[in-house]
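Asks: fold the following and give me the result.
(one chain, ligands or ions: 2)
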Amino acid sequence: MENEVQQEIRSYDVVVIGGGVGGYTAAVRAANAGLKTALIERIQLGGAGVNQGCIPIQYLYKNVQFIKECAQAKKRGLIIKGIELDLPRMMRDKNQKIRKYIAGMKERLEDRGVDIFMGTATVNADKTVEIAMGNGIEGRIKAESIILATGSTGRIPKQYQSMPEVLTDENAHDLVEIPPELVIIGSGGRACEYATLFSMLGSKVVLFVGEDHLLSSEVDGAIQEAVEQNLLAMQVDIHYNVTVSDVFEDSLGDIHLDVKLGSRDKMIICSDILVVKERCPNLLGLSGLDLKVKNDGVIADFSGITSVPGVYAIGDLVSGMASASAAVAMAIQVVDTITGKQRTLKNQWIPKAIHLLPEIAVVGMSEAEARQNGYPVKVDRINLATNLKLYLDDATTGFVKIISDVDSGELLGVCIYGEGAAELISQAQAIHAMGGGIEDLKRSLHAYPAASAVLSEATLAFLK
Ligand SMILES: Cc1cc2nc3c(=O)[nH]c(=O)nc-3n(C[C@H](O)[C@H](O)[C@H](O)COP(=O)(O)OP(=O)(O)OC[C@H]3O[C@@H](n4cnc5c(N)ncnc54)[C@H](O)[C@@H]3O)c2cc1C
Ligand SMILES: NC(=O)c1ccc[n+]([C@@H]2O[C@H](COP(=O)([O-])OP(=O)(O)OC[C@H]3O[C@@H](n4cnc5c(N)ncnc54)[C@H](O)[C@@H]3O)[C@@H](O)[C@H]2O)c1
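Replies: Ligands and ions are numbered 1, 2, ... in the order given. Presented below is the predicted three-dimensional model:
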């Protein structure tokens, strides 16, 4: 049951503001640690990750992966006669899965005794928290520790704001029909994920990239190259150094884009565009606090400590932390900080994945970063075709690259391009988190045959 009218000020050990993946994890962790915990959420539990980002995309990703597997079936002696797309049913199933998952989140919070308040929180300078729950119902609570997990909001870049209906990375997963031709504007993980999804669902995709490369410049160069080749193989038409100066919709509903492609001015006409939104920290209800804030978020260390004593910040709200995996990692760290546990998790060792066909996953430093930081670098690289399980599964596209310190054997970073990369990367993270190095990875044992063996195989010279 959600809590309703609150006349008296209620006291808690911890109040969490925001019920996204970060806030949810922090609330569960705090309640498990025996702390009296409240969670305030203004729209819907699950936040951006469950409602708009990771989960809807992951659902669609599974479906296009299935299409890809069906296309390979004939070679394996399996005749599958045609695949039809039932988009309304697909959307219904996706939305139902999301609803059920959110209901499960709510149940788990309640089981642990977390009080959930559905409303907008405002934090006062004296650190009391007002909750506006609609229909004039207000509540007031206070807590020893306040965890801010209000996330980020997406903003459509200026030139597209006058367009009546622009697809964005936050709504393009709610498909009514597949656009015959789609111009995607963006260059990061979200843009590449959508280019893959729509291309597999039958759209002719053009990708307009502002920079001269795909993905963040921190991503390993070998991965950037592989992703470009992968998208080109899917007939995605990629243009670099593109500036869009004007956009308008004509009376027939076609979209006109005035673009500069390198040094050439061009007018592009297409049926649909998808604009990747800029992310900005969500400071709603937080202006009463004297928080130090940069353009991309609140300044906090990895333990969530902000400039205001007793107030912690986690997840997308924090400068430089925009991923669900970082939000979860920070949520755990921040509760450990509150309960006085010592942990030394490093930001850089949070795994990140981009769900292309096949996936990318990275953790730690890229080779270039390790060299820039002055490490004596050793690179172990292996193609996935060498692994028996992946070979049998026809999942041979891609590679594993392990970067270590040649003198000390310290693991510096791992990147994987290939099927199941998001799962495989966890092994490197776990070994690193337990203080292990390249020798420990070499000695890790696996069932036979198993894809997970590919990391240790990368370090065993005789297989290369
Ligand atoms: C298209 C897309 C795809 C993505 N894919 C991935 C992915 O595959 N993997 C990955 O790791 N990350 C991904 N991300 C990033 C990921 O979604 C975010 O990093 C993650 O959701 C951040 O979690 P959070 O808990 O910090 O914030 P959020 O999930 O944004 O949650 C914040 C919550 O706080 C609530 N709130 C805000 N202000 C108040 C207030 N004043 N009072 C009460 N409640 C309030 C909001 O309603 C919201 O529910 C993706 C993002 C997008 C947009
Ligand atoms: N699986 C994951 O872990 C995952 C997947 C997707 C996103 N995310 C998180 O969400 C955040 C955003 O993801 P992202 O990878 O798309 O990175 P991003 O938003 O930082 O975009 C990367 C690049 O795209 C360019 N860009 C963005 N919007 C643009 C636009 N409208 N027009 C032209 N260029 C544009 C930016 O200049 C930047 O160079 C990231 O911080 C990421 O960690 C995580």
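
Asks: could you measure the residue of the stretch 251-400 of the chain found nearest ligand 1 against G154, distance?
Replies: Nearest residue of the stretch 251-400 of the chain to ligand 1 (Cβ to the nearest ligand atom) works out as G315 at 2.1 Å. Just so you know, the C-beta spots here come from the backbone N, C-alpha and C atoms, and that holds for glycine as well. Using Cβ to Cβ, to the nearest Å, G315 is found at 15 Å from G154.

Asks: N95 now?
Replies: N95 is 20 Å from G154, by Cβ to Cβ.

Asks: which one's more surrounded, those two?
Replies: The residue with more neighbours, out of N95 and G154, is G154; 18 against 14, by other Cβ atoms under 10 Å.

Asks: just to check, the more buried one is in contact with D169?
Replies: Yes - assessed by Cβ atoms under 8 Å, G154 is found in contact with D169 at 7.2 Å.

Asks: joint contacts of these two?
Replies: 52, 277 (Cβ atoms under 8 Å, 6 or more residues apart in numbering).

Asks: can you list contacts of the host helix or strand of A71?
Replies: Element membership of A71, judged by DSSP states H and E, is helix 54-73. Residues outside helix 54-73 that contact it (Cβ under 8 Å, 6+ apart) are 21, 46, 49, 79-80, 83, 90, 93-94, 97-98, 101, 173-174, 193-194, 196-197, 200-201, 324, 355, 357, 394.

Asks: hmm, the residue of the stretch 251-400 of the chain closest to ligand 1 is touching Y24, no?
Replies: No - in this structure, G315 is not within contact of Y24 by Cβ under 8 Å, at 10.3 Å.

Asks: show me the contacts for L215.
Replies: Shown in contact with L215 (Cβ under 8 Å, 6+ apart): 187-189, 192, 223-224, 227, 354.

Asks: one more: E439?
Replies: Contacts of E439 by Cβ under 8 Å, 6+ apart are G409.

Asks: what's the average pLDDT for the helix or strand containing it?
Replies: Using DSSP H and E, E439 maps to helix 438-442. For helix 438-442, the mean per-residue pLDDT is 95.

Asks: for my notes, confirm G288 occurs in a helix.
Replies: No - membership of G288 in a helix is not supported by DSSP: H, G, I helix; E, B strand; the rest coil, which gives coil.

Asks: ok, it - contacts?
Replies: By Cβ under 8 Å, 6+ apart, the residues touching G288 are 122-125.

Asks: same check, this time on I178
Replies: Applying Cβ under 8 Å, 6+ apart to I178 gives the contacts 85, 87, 198, 201-203.

Asks: quick revisit: buried only: go through the contacts of helix 54-73 for me.
Replies: 21, 46, 49, 94, 98, 173, 193-194, 196-197, 200-201, 324, 355, 357 (16 or more other Cβ atoms under 10 Å).

Asks: these: which ones sit near ligand 1?
Replies: 21, 49, 324 (Cβ under 6 Å from any ligand atom).

Asks: contacts only, for the second one.
Replies: The reference is to G49. Residues in contact with G49 (Cβ under 8 Å, 6+ apart) are 20-21, 55, 324, 327.

Asks: got CSV for those residues, with secondary structure too?
Replies: Shown next, in CSV, are the contacts of G49 (three-state DSSP):
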residue, secondary structure
G20, strand
V21, helix
I55, helix
A324, helix
A327, helix
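
Asks: redo these as CSV? Include distance to G437 and pLDDT.
Replies: CSV is the format used below for the contacts of G49 (distance: Cβ to Cβ, whole Å; pLDDT from 0 to 100):
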residue, distance to G437, pLDDT
G20, 35, 98
V21, 31, 98
I55, 35, 95
A324, 28, 96
A327, 28, 96
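
Asks: pretty sure V28 is in a helix, no?
Replies: Yes - when three-state DSSP is applied, V28 is found to be in a helix.

Asks: of the contacts of I178, just the buried ones, ChimeraX syntax please.
Replies: In ChimeraX, this line selects whichever of the contacts of I178 come out buried by 16+ other Cβ under 10 Å:
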select :198,201,203
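
Asks: pick the one among the contacts of I178 closest to ligand 1.
Replies: Lowest distance from ligand 1 to these (Cβ to the nearest ligand atom) belongs to F198, with 13.4 Å.

Asks: how close does that closest one sit to ligand 2?
Replies: When distance is defined by Cβ to the nearest ligand atom, to the nearest Å, F198 is 15 Å away from ligand 2.

Asks: again, but for K352
Replies: Counting by Cβ to the nearest ligand atom, the separation of K352 from ligand 2 is 4 Å.

Asks: who touches that residue in this structure?
Replies: Neighbouring residues of K352 by Cβ under 8 Å, 6+ apart: 323, 325, 361-363.

Asks: try 6 Å this time
Replies: 323, 362 (Cβ atoms under 6 Å, 6 or more residues apart in numbering).

Asks: what bridges to it?
Replies: V362 (DSSP bridges).

Asks: skipping adjacent residues, who's closest to G186 in space?
Replies: Distances taken as Cβ to Cβ, 6 or more residues apart in numbering place V276 nearest to G186, at 3.0 Å, with adjacent residues excluded.

Asks: so the one you found touches E193, yeah?
Replies: No - look at V276 against E193 with Cβ atoms under 6 Å: they stay out of range, at 9.8 Å.
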